[in-house]
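In: Provided below for reference: sequence and predicted model.
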Amino acid sequence: MKQKEIQKRLRQYAAKTADCLPDKRRERMEALLKREEPVRTRGNLWDFICEQVGYLLRHCLFWQIIWFVMFCCLMKLGPDILVMISVLPPLLVLLTVEEITKVYQRSMMEIEYATRYSLQNVVVVRMLVLCAVHFLILFLGIAGLHASLDSGMGCLLIYGFTPMVLSASVLTGLMRYLQGQRLRIAGMAVYVMLVLAVIAGKSSKNGMYEPDYIGIWCVVCAAGILFGICQFIRLNRQLARFEQLPG
Amino acid sequence: MELVLDRVTKHYKNKIAVDRLSAVLKPGVYGLLGANGAGKTTLMRMICGILEISSGEIRLDGEEIGEMGENYRELLGYLPQDFGYYPNFTAMEFMLYISSLKGLDKKYAKKQSMLLLKKVGMEQEMRHKIKTFSGGMRQRLGIAQALLNDPKILILDEPTAGLDPKERVRFRNMIADLGKERIVILSTHIVSDIEEIADWIFLMKQGQFLAQGTLEELKEHYLEVVKNDEAFNLEKLYLFYFAEGEEEYDMV
């Protein structure tokens, strides 16, 4: 019998012991954890999320309040309300992005990767929480405005949400390559380009804020959301592996 | 409890950092001794699950650690070689932050943080910002955070760097005590640390174990080769293995 044939036959009969079968894995894991008794005076994932929310509240609330007050004042006093609605929300993203990238200190990452809730969990939870909170703040701001403007609530939300989504998506993409000071500078550059685009878009009386253009706004918003989701997934994949992090 | 390293290998494009290492670790203190670039930190990172293994397996009581995921990390305490910090955190805030990452209950975390900070002699500094700390103080804080979740597997990479002699003795006593019921893996250049507390010593070079055993076993082997040298110590053994062929380190 040829060597290859023998090896092929031997491989066919290779069988794991009963202990290694996947369906027994859960029982073995439970037995192991019961034996080793890890410190179980701990909360669950929900407690971890609440901790992160608490952290963000302590560090971001000040800037969020400042932004909200500025938003309300400029809506009352500002020259062009529709431009303000589009230009201000990305500023909120920029002011608070540092709380996500703060964890990107490579010297800390080793410790953070070796904990139960790794760096990946921290960044993802913080991003999702800030997303939800910023949308809520924007919604409240625009709800307050709606009564004094001709445009419908939906239109105003689109005018505010679209630039916010675009800037957040671009920053999420940039986070894979830049952190700290460099990300802040890149974020400022993105913001300035967005402001210029909005001002250019409102060249005539209402420009891109005419009702005929609302379809384009919706398409851009949807594209921004899709782009943001892709960048988020890629960032999440990068965070899953310590070796892939920029050093 | 048994941690098995089964032909663990880590290779990068042009280099094999860790080359088919195998070992069985049970509760006790394991010293990892080797020159710079031997692969000690890479091995420790793989044991912590931070770096992906190129081939081979690391199993805890038969379970592959990658598949265990967060259940494995729950049992782990790690102090890396280059210990970073968030400069504006106080020592207590830092401990509480790490506690939240380790998934510890808030009340327990607070109590345990205070206890550990006292244990490492940082009680007075717990409300001070880390950026004001000396290197030794940061190192002690690093040791404290590694012990927060009462880990069953403790990985310490150069833990005594920057500590004064008094602190090093305190640390040794702490580790010797911890090693009774835990697997403690200690990597250091300070030979005397390993000599005093390690139950088992691994000598590592170019990604491989050159030798391993208790201090007595290594001494026997050394004396077989270098005959009639009564004044044996681990430093001589280290030089014997790692300074071969280098004239300035010739044994006197």
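Out: Noted; the coordinates are in hand. Numbers count the residues shown, from 1 in each chain, chains lettered A, B, ... in the order given.

In: contact partners of stretch B:97-105?
Out: For stretch B:97-105, the surrounding residues in contact (Cβ atoms under 8 Å, 6 or more residues apart in numbering or on different chains) are A:39, A:41-44, A:47-48, A:51-52, A:55, A:111-112, A:115-118, A:122, B:74, B:86, B:89, B:106, B:108-109, B:112-113, B:145, B:148-149. (Glycine included, C-beta is placed from N, CA and C.)

In: List buried residues within the residues you listed.
Out: Neighbour counting by 16 or more other Cβ atoms under 10 Å in any protein chain shown classes A:39, A:41-43, A:48, A:51-52, A:55, A:111-112, A:115-118, A:122, B:74, B:86, B:89, B:106, B:108-109, B:112-113, B:145, B:148-149 among these as buried.

In: Tell me how chain B divides into domains.
Out: Domains of chain B are assigned by automatic domain parsing as B:1-75+B:154-215, B:81-150.

In: In CSV: those domains, plus distance to A:C218 and mean pLDDT.
Out: Below are the domains of chain B laid out as CSV (distance: least, Cβ to Cβ, whole Å; pLDDT from 0 to 100):
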stretch, distance to A:C218, mean pLDDT
domain B:1-75+B:154-215, 40, 88
domain B:81-150, 40, 88
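
In: JSON lines for those domains, including distance to A:W217?
Out: Shown next, in JSON lines, are the domains of chain B (distance: least, Cβ to Cβ, whole Å):
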{"stretch": "domain B:1-75+B:154-215", "distance to A:W217": "42"}
{"stretch": "domain B:81-150", "distance to A:W217": "40"}
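
In: Nearest to A:V192, out of those?
Out: Checking the domains of chain B against A:V192 by Cβ to Cβ gives domain B:81-150 as the closest, at 28.7 Å.

In: Show me how far that closest one is from its chain's centre.
Out: Domain B:81-150 has its C-alpha centroid displaced from the chain centroid by 18 Å (Cα atoms, centre = their mean, to the nearest Å).

In: Now do that domain: distance from first to last residue.
Out: Its start and end residues considered, domain B:81-150 measures 20 Å (Cα to Cα, to the nearest Å).

In: Then stretch B:185-196?
Out: Distance between the two ends of stretch B:185-196: 14 Å, counting by Cα to Cα.

In: Help me see whether it makes contact with chain A, please.
Out: No: if you take Cβ under 8 Å from any Cβ of the partner chain as the test, stretch B:185-196 misses chain A, and the best it gets is 12.8 Å.

In: From the chain's centre, how far out is that stretch? Work that out for me.
Out: That offset, for stretch B:185-196, works out to 9 Å (Cα atoms, centre = their mean).

In: now stretch B:201-215
Out: 14 Å.

In: Need the contact partners of it.
Out: For stretch B:201-215, the surrounding residues in contact (Cβ under 8 Å, 6+ apart) are B:10, B:16-21, B:23, B:30-35, B:37-40, B:42-43, B:194-195, B:198-200, B:218, B:221, B:234, B:237-238, B:241-242.

In: What are the buried residues along it?
Out: For stretch B:201-215, the neighbour count (16+ other Cβ under 10 Å) marks B:I201, B:F202, B:L203, B:M204, B:K205, B:G207, B:F209, B:A211, B:Q212, B:L215 as buried.

In: give me the residue from chain B nearest chain A.
Out: Using Cβ to the nearest Cβ, the closest approach of chain B to chain A is made by B:G84 at 2.3 Å.

In: hang on, the earlier thing: out of the buried residues of stretch B:201-215, which two are the most distant from each other?
Out: It's B:G207 and B:L215 that sit farthest apart of the buried residues of stretch B:201-215, by Cβ to Cβ, at 23.5 Å.

In: the bottom helix or strand of chain A by mean pLDDT?
Out: Within chain A, no helix or strand scores below helix A:3-12, which has a mean of 60 by mean pLDDT, DSSP states H and E.

In: Which residue, other than its chain neighbours, is closest to the residue nearest the centre of chain A?
Out: In chain A, the residue lying closest to the centroid (Cα atoms, centre = their mean) is A:M127, at 3.5 Å. Nearest residue to A:M127 in three dimensions, chain neighbours excluded: A:I100, at 5.8 Å (Cβ to Cβ, 6 or more residues apart in numbering or on different chains).

In: Surely that neighbour touches A:V123?
Out: Yes: counting by Cβ atoms under 8 Å, A:I100 does reach A:V123; the two are 6.0 Å apart.

In: hang on, the earlier thing: and A:R182, which of the domains of chain B is closest to it?
Out: domain B:81-150 (18.1 Å).

In: can I assume B:L163 is in contact with B:R140?
Out: Yes: the pair B:L163 and B:R140 qualifies as a contact (Cβ under 8 Å) at a distance of 7.3 Å.

In: my read is the residue of chain B closest to chain A is in a helix, agree?
Out: No: according to DSSP: H, G, I helix; E, B strand; the rest coil, B:G84 belongs to no helix; its state is coil.

In: Wait, it touches A:M108, no?
Out: Yes: under the criterion of Cβ under 8 Å, B:G84 makes contact with A:M108 at 4.1 Å.

In: do you know how far B:L154 is from A:E112?
Out: With distances taken as Cβ to Cβ, to the nearest Å, B:L154 is found 17 Å from A:E112.

In: Same question for B:T132.
Out: Distance from B:T132 to A:E112, by Cβ to Cβ: 23 Å.

In: what does A:L136 give?
Out: For A:L136, the distance to A:E112 equals 28 Å [Cβ to Cβ].

In: chain center to the biggest helix by length in chain A: distance?
Out: Ranked by residue count, the top helix of chain A under DSSP state H comes out as helix A:45-77. Relative to the chain's own centre, helix A:45-77 is displaced by 15 Å; criterion: Cα atoms, centre = their mean.

In: Does it reach chain B?
Out: Yes: using Cβ under 8 Å from any Cβ as the criterion, contacts between helix A:45-77 and chain B involve A:D47, A:F48, A:E51, A:Q52, A:Y55.

In: which residues of the stretch 1-150 of chain B fall in strands?
Out: Here the stretch 1-150 of chain B has its strands, by DSSP state E, counting those that start in this stretch, at B:3-11, B:16-25, B:28-34, B:55-60, B:63-64, B:76-79.

In: ok, the residue nearest to A:E243 when sequence neighbours are not counted - contacts?
Out: The shortest distance from A:E243 to any non-neighbouring residue, by Cβ to Cβ, 6+ apart, is to B:L51 (6.4 Å). Going by Cβ under 8 Å, 6+ apart, B:L51 touches A:F242, A:E243, B:K10, B:T42, B:R45.
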